[in-house]
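S.K.: Coordinates for the following, if possible.
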Amino acid sequence: MNNIVEDTRLFSNEGYISRRNYIVNFLVIGIISSIFLMFLFPVFKTEDILSNLLNEGIVTLILYSLSSLIFSILTAFNISKRISDIQNIEPKNSIFCVVLTLILLCQLLPFVNYKLATVFSLFIGVFQIFFMFKKGAISSNLQKNELYKFNWGAFFGTFIWGLFNRTYIALLIIPLFFTPAWLFFGIILGIKGNEWAYKNKHYLSTEELHKNQRKQAIFWSITTPILSILAFVSLVVFLSAVLIKDEQLSRLENRPSRLEMLLVKEIKQIYSDYEIGENEYKFFVDLNFWNNLSDYEKHSAFESAAIFAEYKNMYSKNPETKDIIRKKTKIYSKDNKLIYENN
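M.R.: Reported below is the predicted structural model:
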C-alpha cells in the first residue's frame, strides 16, 4: 500500500479521499454553487444561456465563468483524490486535473449548447454516483469506525438536534431552508452527526452515543414529518385568509390586489402587454424572444397566460369554464399576428 493519507480539504489534490468524505465534499460544493448561482445570477428565460448572461452585462458573464471554473476545479480535485483511493496510487498529476477541469467546465460554460450540456451533465452525474459507491483500495482496508453510521436524528432534527447535541454548526441549515441547498446540508448532518455529537457532547463511549442517538432518531423521524405537515397546512390557511381579505378590500377600494400585482409582474416578464376582451384574451410577446423558446417553454408561457386569464375572469359577471378560457387565450406578436393558441 502506498504511504498516502486521507485529505478532505476542498482546495487540495494531496492524498486520497474515502467514499464518505467524497460525498460530504460533493455536497459542500453543491451547497456553495447553488447559493452562489441562485443569488448572483439571473433566472434564465431561454435555453440560450450565453444570451441571457450578455443581457445582464459583461460583468455577470465574467463572474459566471469564474465561478464555473472554481467549482470545476474543486470537483476535479475531489474526483482525483477519489481515484487515488480506488486505485491505491498517488494523486493524479496537475495535467490530469487541468484536463478534468476543462471537461467539467463543458457542462457549465454558456458557450456550450444547452441540450448537449444537459446530456453531458447526466453523463458526469453517472460517474459521480459511481465514485460514491465504489469501494476504495485504501479506505476499505482501514478499520471500521463505529462513528461512521448515518445519524437519522441529525438528518430529521437538523438545527434542533444540533442544539441538544451542542453541534451548533447545524444552525447553518436555518438560512438554507430558503434555498434548494437545505437538503444537501441535512444529508451532511446525517453523515457527520455521530462524529460531531461524540466530540461536542463528550460521550464516554460509542455505545453510549449510539444508544442516545437511536432514541433521538426515533423521536425526530416521527416528530419532524408531523410538524412539517402542520406548519405547511397552517401557512396555507394563513396565506389564504390574507389573500381572500385583500381580494375583498381591493374590490371595495377599486384597486388591484396583491395577488393580481404579483401575477401581472410574472406576466410582464414574458409578455409586453395583454388585452382581456370579451371574445379573446390576447397576450403580446416579442417574436424573437418567442422563437428562442423551446416547445416546453412555449407551453409553459401559454399556461401562465391562461392562469392569469382565469384569475381576471373569476370576477366577471359571467364566469367561464377553464376550457373556454384556454380556447380564448391566444399569443400574439407585437405586430398583432397570432403565433400560438391552444390546440
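
S.K.: Quick check: longest helix in this structure by residues?
M.R.: helix 206-253 (DSSP state H).

S.K.: Show me what that helix is packed against.
M.R.: Contact here means 3 or more C-beta pairs under 8 Å, 6 or more residues apart in numbering; DSSP states H and E; on that basis helix 206-253 packs against helix 152-164, helix 182-201, helix 258-268. C-beta: built from backbone N, CA, C; applies to glycine.

S.K.: Would you give the sheet partners of the helix or strand that the last one is followed by, along with the direction of each?
M.R.: Read it as helix 258-268. Once helix 258-268 ends, the next helix or strand along the chain (criterion: DSSP states H and E) is strand 273-276. Partners of strand 273-276 in the sheet, by DSSP bridges, are strand 281-285 (antiparallel).

S.K.: chain center to the strand it pairs with: distance?
M.R.: 32 Å (C-alpha atoms, centre = their mean, to the nearest Å).

S.K.: any low-confidence regions in this structure?
M.R.: Applying pLDDT under 70 to the chain flags residues 1-2, 40-52, 109-114.

S.K.: rerun at 50
M.R.: Along the chain, the parts satisfying pLDDT under 50 run over 1.

S.K.: Could you list the domains of it?
M.R.: Under the assignment automatic domain parsing, the domains of the chain span 1-142, 144-252, 258-341.

S.K.: one step back: give me whichever of the helices and strands packed on helix 206-253 is most buried.
M.R.: Ranked by average neighbour count under the criterion mean count of other C-beta atoms under 10 Å, the helices and strands packed on helix 206-253 are headed by helix 152-164 at a mean of 21.

S.K.: Now do the buried residues in the next helix or strand after that one.
M.R.: Sequence order places helix 173-176 as the next helix or strand after helix 152-164, per DSSP H and E. Residues of helix 173-176 classed as buried: Ile173, Leu176 (neighbour count, 16 or more other C-beta atoms under 10 Å).

S.K.: Not counting its own residues, what contacts helix 173-176?
M.R.: Ile31, Ile35, Thr158, Phe159, Trp182, Phe185, Gly186, Leu189 (C-beta atoms under 8 Å, 6 or more residues apart in numbering).

S.K.: Throw the helices and strands packed on helix 206-253 into a markdown table and include distance to Phe131, thanks.
M.R.: Below are the helices and strands packed on helix 206-253 laid out as a markdown table (distance: least, C-beta to C-beta, whole Å):
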| stretch | distance to Phe131 |
| --- | --- |
| helix 152-164 | 22 |
| helix 182-201 | 15 |
| helix 258-268 | 40 |
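
S.K.: Which one of those lies nearest to Lys322?
M.R.: Ranking the helices and strands packed on helix 206-253 by their distance to Lys322 (criterion: C-beta to C-beta) puts helix 258-268 first, at 16.3 Å.

S.K.: so Ile95 is in which element?
M.R.: helix 94-105.

S.K.: Ignore what I typed, I meant Tyr332.
M.R.: Assigned by DSSP H and E, Tyr332 belongs to strand 329-333.

S.K.: so Leu293, which of the three states?
M.R.: Leu293 falls in the coil class when you classify it by DSSP: H, G, I helix; E, B strand; the rest coil.

S.K.: Count the residues that sit near it.
M.R.: 19 (other C-beta atoms under 10 Å).

S.K.: Would you confirm that it contacts His299?
M.R.: No - with contact defined as C-beta atoms under 8 Å, Leu293 does not count as touching His299 (9.3 Å).

S.K.: Quickly note the distance from Ile29 to Ile187.
M.R.: 13 Å (C-beta to C-beta, to the nearest Å).

S.K.: thinking again about what came up before, of all the helices and strands packed on helix 206-253, which one comes closest to Ile129?
M.R.: Taking C-beta to C-beta, helix 182-201 is the member of these nearest to Ile129, at 14.2 Å.

S.K.: contact partners of that closest one?
M.R.: 20, 23-24, 27-28, 30-31, 34, 147-155, 158, 161-162, 165-167, 169-170, 172-173, 176, 203, 206, 209-210, 213.

S.K.: Now which of those would you call buried?
M.R.: 20, 23-24, 27-28, 30-31, 34, 147, 149, 151-155, 158, 161-162, 165, 167, 170, 172-173, 176, 203, 209-210, 213.

S.K.: Could you double-check that Lys134 lies in contact with Gln87?
M.R.: No - Lys134 is beyond contact range of Gln87, at 10.3 Å (criterion: C-beta under 8 Å).

S.K.: Nearest to Phe96, out of the helices and strands packed on helix 206-253?
M.R.: Distance to Phe96, taken as C-beta to C-beta, is lowest for helix 182-201 among the helices and strands packed on helix 206-253, at 27.1 Å.

S.K.: give the contact list for Ile103.
M.R.: Ile124.

S.K.: From Phe96, how far out is it?
M.R.: 11 Å.

S.K.: picking that back up, can I get the following helix or strand past the helix holding Ile95 in PDB, CA atoms only?
M.R.: Downstream of helix 94-105, the first helix or strand assigned by DSSP H and E is helix 114-133. Below are the C-alpha coordinates for helix 114-133, written out as PDB (Å, rounded to 0.1, in the frame of the first residue of the first chain):
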ATOM      1  CA  TYR A 114     -27.900  23.800 -23.700                       C
ATOM      2  CA  LYS A 115     -29.200  20.400 -24.700                       C
ATOM      3  CA  LEU A 116     -25.700  19.000 -25.200                       C
ATOM      4  CA  ALA A 117     -24.600  20.400 -21.800                       C
ATOM      5  CA  THR A 118     -27.600  18.700 -20.200                       C
ATOM      6  CA  VAL A 119     -26.800  15.300 -21.700                       C
ATOM      7  CA  PHE A 120     -23.100  15.800 -20.700                       C
ATOM      8  CA  SER A 121     -24.200  16.700 -17.100                       C
ATOM      9  CA  LEU A 122     -26.100  13.500 -16.800                       C
ATOM     10  CA  PHE A 123     -23.000  11.600 -18.100                       C
ATOM     11  CA  ILE A 124     -20.900  13.300 -15.400                       C
ATOM     12  CA  GLY A 125     -23.600  12.600 -12.800                       C
ATOM     13  CA  VAL A 126     -23.300   8.900 -13.500                       C
ATOM     14  CA  PHE A 127     -19.600   9.000 -12.800                       C
ATOM     15  CA  GLN A 128     -20.200  11.000  -9.700                       C
ATOM     16  CA  ILE A 129     -22.500   8.300  -8.400                       C
ATOM     17  CA  PHE A 130     -20.000   5.600  -9.400                       C
ATOM     18  CA  PHE A 131     -17.300   7.300  -7.200                       C
ATOM     19  CA  MET A 132     -19.800   7.500  -4.300                       C
ATOM     20  CA  PHE A 133     -20.400   3.700  -4.300                       C
END
